[in-house]
Structures are given as structure tokens and as C-alpha cells.
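S.K.: The sequence and its predicted three-dimensional model are supplied below.
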Amino acid sequence: MSAPLLDVSGVWKGFEDHPVLRGLDLQVQLHQAVVLIGASGSGKSTLLRCINGLESVDAGRIVLDGDVDVTDPSVDLDTVRRRVGIVFQSYNLFPHMTVLDNITLAPRKVAGTDTGQAREEAMRLLTRFDLEGKAGEYPDRLSGGQSQRVAIARALAMQPELMLFDEITSALDPLLVGEVLDAVRDLKLAGLTIVMATHEMGFAREVADQVCFLSAGIVLEKGPPEQIFNDPALPQTREFLGRVLG
């Protein structure tokens with residue numbers, strides 16, 4: 001097997017002397033979809049924020065594509081974030097900007113992309129997510145599902161190698177969850193490398209190449225979805241799945 005696109009090794013992270021990640025290890029191969037499951041507080045969101053450089057780590061290393069150490073204090077985090085996109089459960093769209101301007105902002109200002117090219121790419125992404133008719137709208141005119149798909153398109157506009165999704169359906173009306181998951185499913189089918197924290201177990205079973213069960217800040221158990229969901233090895237995994245699957 002080739003070197004992983006993402007290699008998280010022995011990462012520790014705490015807040016006010018409360019450890020959240022406790023020596024966590026995770027490897028993600030190119031074109032793989034890895035789904036993180038676990039109870040609230042298990043470290044999923046903190047891990048994703050550390051991978052993107054939004055949080056510094058207390059110990060350990062996070063290496064992207066074998067050559068960029070995200071945890072190195074001298075690393076250019078803007079370069080990291082061009083290669084690693086992230087979408088949160090809150091859409092974080094700029095309310096005073098149209099959908100099109102939200103998507104083109106980073107390519108124009110950060111990557112130096114020509115305005116015409118940035119707009120052309122943005123329209124291609126909006127069409128991909130069935131949102132081409134919303135280009136001139138402001139975020140307050142969008143549904144939650146539409147806003148989340150715009151947030152995904154905005155992240156993809158930087159052409160990242162790796163996409164991180166942090167509970168992106170948690171704030172949505174149940175009727176809107178499917179359209180957002182469909183967007184992620186399409187990205188997986190297109191070969192994008194994905195790390196996703198979610199409570200949508202059916203989606204995890206369908207889309208993941210590997211499922212990682214986090215507990216108390218470590219990956220306690222990992223494996224293909226059929227193994228994790230049908231025959232988990234550890235009692236903690238069985239207990240968690242018993243709760244969330246009913």
C-alpha cells in the first residue's frame with residue numbers, strides 16, 4: 001500500500017487541562033472515504049480542526065501527502081488550507097455576499113485566480129449541486145440544505161486534495177439531510193479523499209471505505225463498515241452502536 005495522503009500520528013490536544021485527543025492515530029489513503037463515529041465529546045470535531053490547522057496540537061504529527069507537516073510551527077497554514085477543505089455543521093456563509101461571491105472569494109483573494117475563471121468554476125460547481133439558479137441569491141434566501149451545498153461548493157472551489165466534513169447534517173431539518181448526503185456521495189464516487197464525522201450510520205455503512213470508532217480521544221476500533229456495523233470486536237463499539245441504532 002502506498003504512503004497515506006493523511007497520516008495522523010500520536011496526536012494529543014487538550015483545552016484548559018482537559019485532554020480531548022489522547023495520542024490518536026489515523027491514516028487515510030488517497031481516494032478513501034473514512035467516516036468517524038462516536039459519542040459527542042469523543043474528539044471527532046477536534047481531530048478535524050487539527051487536521052486543517054484550525055487548532056494546534058500539544059504533541060504528535062499530522063502529515064499531508066508525506067511532505068507537509070501541519071503541526072510544524074513554520075508551516076504556511078494558508079497552503080495547508082488550500083489542500084485541505086473543511087465544512088462545518090454551521091454553514092458560515094457571508095450573509096452580505098451572493099452565493100456566487102461566497103464561492104469565488106477564496107479563489108480570487110487567496111489563490112489569485114482570475115475573476116472570470118473563478119466565476120466559471122463556481123458556476124460549474126453550482127450546476128453540479130443543482131444550484132445554478134441560486135448564484136445571485138443571498139444566504140438568507142436559501143434553505144438549510146441549499147446553504148450546506150453552497151458551503152461544500154465553496155470549499156471545493158479551492159480544489160482541495162482532502163475534504164473534511166464535520167457533522168454537516170446535524171443542523172438540518174430531517175427532510176433536507178438527503179440532499180446534502182447525496183452531494184457527499186457524489187464526491188466520493190468522483191474519487192475525492194474524504195474524512196467525515198457523522199451520526200448518519202446508514203450513510204456511513206454505504207459510503208465509507210473505513211469506519212473509525214472514537215472514544216475518549218483515540219480510535220478505539222476501525223475497519224470496513226460491514227465489520228464495524230455487523231461484527232464489532234469491542235464491547236464499547238457494540239454499546240455505542242446499540243444506542244444509536246436502537
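M.R.: Received, thanks.
S.K.: got a list of what Gly144 touches?
M.R.: Residues near Gly144 by CB atoms under 8 Å, 6 or more residues apart in numbering: Tyr91, Ala171, Leu172, Asp173, Leu176. Just so you know, the C-beta spots here come from the backbone N, C-alpha and C atoms, and that holds for glycine as well.
S.K.: want to throw the residues you listed into CSV with neighbour count, distance to Arg81 and pLDDT?
M.R.: Converted to CSV, those look like this (neighbours: other CB atoms under 10 Å; distance: CB to CB, whole Å; pLDDT from 0 to 100):
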residue, neighbour count, distance to Arg81, pLDDT
Tyr91, 20, 17, 82
Ala171, 14, 23, 82
Leu172, 19, 25, 86
Asp173, 10, 30, 86
Leu176, 18, 27, 86
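S.K.: ok, the residues you listed vs Val150, which is closest?
M.R.: Tyr91 (7.1 Å; CB to CB).
S.K.: residues contacting that closest one?
M.R.: In this structure, Tyr91 makes contact with Pro139, Gly144, Ser147, Gln148, Val150, Ala151, judged by CB under 8 Å, 6+ apart.
S.K.: Backbone dihedrals for the last one, both of them.
M.R.: The main-chain torsion angles of Ala151 are listed as degrees, to the nearest 10 and equal phi -60, psi -40.
S.K.: State the pair within the contacts of Gly144 that is farthest apart.
M.R.: Taking CB to CB as the measure, the contacts of Gly144 reach their widest spread between Tyr91 and Asp173, a distance of 13.7 Å.
S.K.: picking that back up, which ones among the contacts of Gly144 are found in helices?
M.R.: Cross-referencing the contacts of Gly144 against helices under DSSP state H gives Leu176.
S.K.: that older thread, wait, which of the contacts of Tyr91 is closest to Leu131?
M.R.: Taking CB to CB as the measure, Leu131 sits nearest to Val150 out of the contacts of Tyr91, at 6.5 Å.
S.K.: Can you say which helix or strand has the closest one in it?
M.R.: Val150 is located in helix 144-156, with elements delineated by DSSP states H and E.
S.K.: and the direction of the helix or strand following that helix versus that of helix 144-156, what angle?
M.R.: Moving toward the C-terminus from helix 144-156, the next helix or strand (DSSP H and E) is strand 162-166. Put simply, strand 162-166 runs at 150 degrees to helix 144-156, going by axes from the mean of the first three to the mean of the last three CA atoms, to 10 degrees.
S.K.: Contact partners for the most centrally placed residue in the chain?
M.R.: Computing the C-alpha centroid of the chain and ranking residues by CA atoms, centre = their mean puts Leu164 first, at 1.7 Å. With contact taken as CB under 8 Å, 6+ apart, Leu164 is in contact with Leu48, Ile51, Asn52, Val84, Gly85, Ile86, Val87, Ile194, Val195, Met196.
S.K.: quick one on the thing from earlier: distance to Ser42 for the contacts of Gly144 - can I get that in JSON lines?
M.R.: Putting the contacts of Gly144 into JSON lines (distance: CB to CB, whole Å) gives the following:
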{"residue": "Tyr91", "distance to Ser42": "24"}
{"residue": "Ala171", "distance to Ser42": "19"}
{"residue": "Leu172", "distance to Ser42": "21"}
{"residue": "Asp173", "distance to Ser42": "25"}
{"residue": "Leu176", "distance to Ser42": "26"}
